[in-house]
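**Student:** dropping the sequence and predicted coords here.
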Amino acid sequence: MVRHFLRLSDLSATEARAVVERAMALRAHRDPAYRPFVGKTLAMIFTKNSTRTRVSFEAGMARFGGHAMFLHAGTTQLGRDEPIADTARVLSRMCDAIMIRNDSQADQETLAAHSRVPVINGLSDRHHPCQLLADLQCWFEHRGDPRGKIAAWIGDGNNVCHSWIEAAALFGFSLRIATPKGYEPDPAVVASAGRCIELCTDPVAAASGADLIVTDTWTSMGQEAETHKRLAAFAGYQVDRALMAHAKPDAIFMHCLPAHRGEEVSAEVIDGPQSVVWDEAENRLWAQMALLEFLWA
C-alpha cells in the first residue's frame, strides 16, 4: 500500500514519534557510508518559491545516494494545463516519490490519488507537515518530550498553524493560538484536534507560562496585495522581548522562516538566546530524510 504525506495526521501518533526519533538519530550519528537511496529518484514539483524545502530535499537525497529532480511547474506540461492526474500517472512510473509545493491541497490530493508512489506535501494552502516534523524534532532536542507542555502560536491561523494543531493532537501538548479576529485557523481543523487547542485574541494570554512560542510571517506568499491590511490587523502581535517574558524562563522561540524582523518578531528575539530557528531550519534536512525512509520502507 502506497503511503502519502499530505498532512501531519496522515501519520499515527506512534509513526510521527518514530519519524522524529529517527530524524534525531540521523542528525546525531552522521554516517557517510549509509546510502539507502541509491537508485531512487525524487521528483520535486514547485509552483511556489523555496529555499529550505528545495535545498533540504535535494541535500537529503544526495546524502543518501539518491537523486532529486527539480521541476518548476511553469517549465513543465503542468504550465500548459496538463491535468495533474496525468502528470501523476507519468511521474510515478519514472520516479520513486513526488514532492509538491503549491497553493492547493486539493491538487495535491488529486496527485496522490493517481500516483503509484508516495506524494509528499512540501507546502500547500492548508498544511505544511514537513515543517512540523522539523519543529517537533527541534523541540525534542532542546527541551525533551513535548507531551503535557504548552506551545503558543502568535499570529495568522495559516497553513503552518493548521499543522501545529495536528501536531498538538499527535504529540499530546496544549496549543494556545492568539490571532486577530478574522484570521483564526479553520474551525474544522481545530475541532479535529479536540481539547488540546485554545483560541484567543490576546497574545499575552497565549504566551503566559508557555514552554514554546512560535510565529510565522503575517503576509504569506500570494497575499502580497493584503500587506497593508495585514500589518494593521496584526499590530500588537509581534513576538518581542516583552511578550517572551510572559512565557516560562526557559521557553524557546521558533519560526519556520523566512522572517521579517520588526514585524512578526523582533530582532532581539529571533537573534537572541531563546531562539532555536537555525536548528529548526537544519532539521528540515534530517526530518525529511527520516520521512523518506519511512515512506519507502
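**Tutor:** Nice, thanks for sending it over.
**Student:** ok, the residue most central in space within the chain - contacts?
**Tutor:** Residue closest to the average C-alpha location in the chain (C-alpha atoms, centre = their mean): Gln131, at 2.1 Å. Contact partners of Gln131, counting by C-beta atoms under 8 Å, 6 or more residues apart in numbering, are 123, 160, 163, 256, 284. For the C-beta atoms, the positions are set from N, CA and C on the backbone; glycine is no exception.
**Student:** so Arg147 touches Gly172, yeah?
**Tutor:** Yes: the criterion here is C-beta atoms under 8 Å, and Arg147 meets it with Gly172 at 4.0 Å.
**Student:** give me the more crowded residue out of these two.
**Tutor:** Taking neighbours as other C-beta atoms under 10 Å, Arg147 and Gly172 compare with Gly172 leading, 15 against 9.
**Student:** would you list the phi and psi of that one?
**Tutor:** The phi/psi pair for Gly172 (degrees, to the nearest 10) reads phi 80, psi 30.
**Student:** make sure it is actually in contact with Gly148.
**Tutor:** Yes: Gly172 lies in contact with Gly148 (C-beta under 8 Å); the separation is 6.5 Å.
**Student:** by contact count, what packs against the helix or strand hosting Cys161?
**Tutor:** Cys161 is part of helix 159-171, with elements assigned from DSSP states H and E. Applying 3 or more C-beta pairs under 8 Å, 6 or more residues apart in numbering; DSSP states H and E, one finds that helix 159-171 contacts helix 13-28, helix 129-143, strand 150-154, strand 174-178, helix 187-193.
**Student:** quick one: closest of the ones you listed to Val2.
**Tutor:** Within the helices and strands packed on helix 159-171, the stretch nearest Val2 is helix 13-28; the backing value is 15.0 Å (C-beta to C-beta).
**Student:** grab the nearest non-local neighbour of Gln105.
**Tutor:** Arg126 (3.8 Å; C-beta to C-beta, 6 or more residues apart in numbering).
**Student:** try Leu243
**Tutor:** Ala207 is the one closest to Leu243 (C-beta to C-beta, 6+ apart), at 5.4 Å.
**Student:** one more: Val265?
**Tutor:** Val239 (4.7 Å).
**Student:** got phi/psi on the one you found?
**Tutor:** The phi/psi pair for Val239 (degrees, to the nearest 10) reads phi -80, psi 100.
**Student:** can you spell out the domain ranges of the protein, please?
**Tutor:** 4-128+284-296, 131-280 (the TED database).
**Student:** and the residue nearest to Val265, what does it touch?
**Tutor:** So Val239 contacts 154, 203, 213, 215, 253, 264-266, 269 (C-beta under 8 Å, 6+ apart).
**Student:** quick check: it vs Asp271, distance?
**Tutor:** Distance of Val239 to Asp271, computed by C-beta to C-beta, to the nearest Å: 12 Å.
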